[in-house]
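**Student:** Quick one, fold the following:
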Amino acid sequence: MTSLEKSIKQIVEPIVNNLGYKIYDVIYEKDGKDNYLRIFIDKDGIIDLNDCETVNNAITDILDEKDLIKNQYMLEVSSPGLERRIRDDKQLEESLNELIEIHTYNKINELDTIENTENTNSSELKENKLLSKKKQGAKYNKVDNKAIQGILDSFDDNSVTIIVNNKKIKINKKDISNMKTVYNWEE
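**Tutor:** Residues are numbered from 1 along each chain as shown. Just a heads-up that it's a prediction; the model follows:
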């Protein structure tokens, strides 16, 4: 998260929390010719259009008043969706033992394998979940040159470890271009 995004989050988070929602993410980005401030909100249950409108109306004036963004921009308030971007450690924590997809700047290779988990009890729960995903049709082992799907096993300040085909693969965070949770659309 950029310093601008962090500042915006600090300003609007108390308002959003008082309305009964939480902020999943704040993204300021250029899309085509336009600048967008995208605020993703979450709650127990489903986020609908009325929720987005409520939050939008509650934060618009304070954002205009603080004037942190000097350029013209469009404000979008929405749900993070079923497949959610993962951009920080809090989001990684929420995604532990879940199926995620990681895209890297460079080719992923087998040298990143740090442990074979085939005969270990410590990862039995994760492996059962992995097999469950496989039975449900999820492509848990999808690997191409720069993308891989697997069960998020752990992370630290420098790396993310996923389980793919009974192997733990450790990927340096500096090599990751983006990550997201993966929803099984075939359910």
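**Student:** which regions of the chain sit below the pLDDT cut-off?
**Tutor:** Within the chain, the stretches with pLDDT under 70 are 109-144, 187.
**Student:** Could you chop the chain up by domain?
**Tutor:** The chain breaks down into these domains under automatic domain parsing: 3-78, 85-181.
**Student:** Pairing-wise in the sheet, spell out the partners of the spatially most central residue of the chain.
**Tutor:** Taking Cα atoms, centre = their mean, the centroid of the chain lies closest to residue 86, which sits 2.0 Å from it. Per DSSP bridges, the residues bridged to residue 86 are residue 179.
**Student:** Pretty sure it sits against residue 181.
**Tutor:** Yes: between residue 86 and residue 181 a contact is recorded at 6.7 Å, counting by Cβ atoms under 8 Å. All C-beta spots, glycine's among them, are computed from the backbone N, C-alpha and C.
**Student:** list residues touching both of these two?
**Tutor:** Common neighbours of residue 86 and residue 181, counting by Cβ atoms under 8 Å, 6 or more residues apart in numbering, are 95, 100.
**Student:** Run through the residues that contact the residue nearest to residue 73 when sequence neighbours are not counted.
**Tutor:** Nearest non-adjacent residue to residue 73, counting by Cβ to Cβ, 6 or more residues apart in numbering: residue 35, 4.0 Å away. By Cβ under 8 Å, 6+ apart, residue 35 lies in contact with 28, 29, 69, 71, 72, 73, 74.
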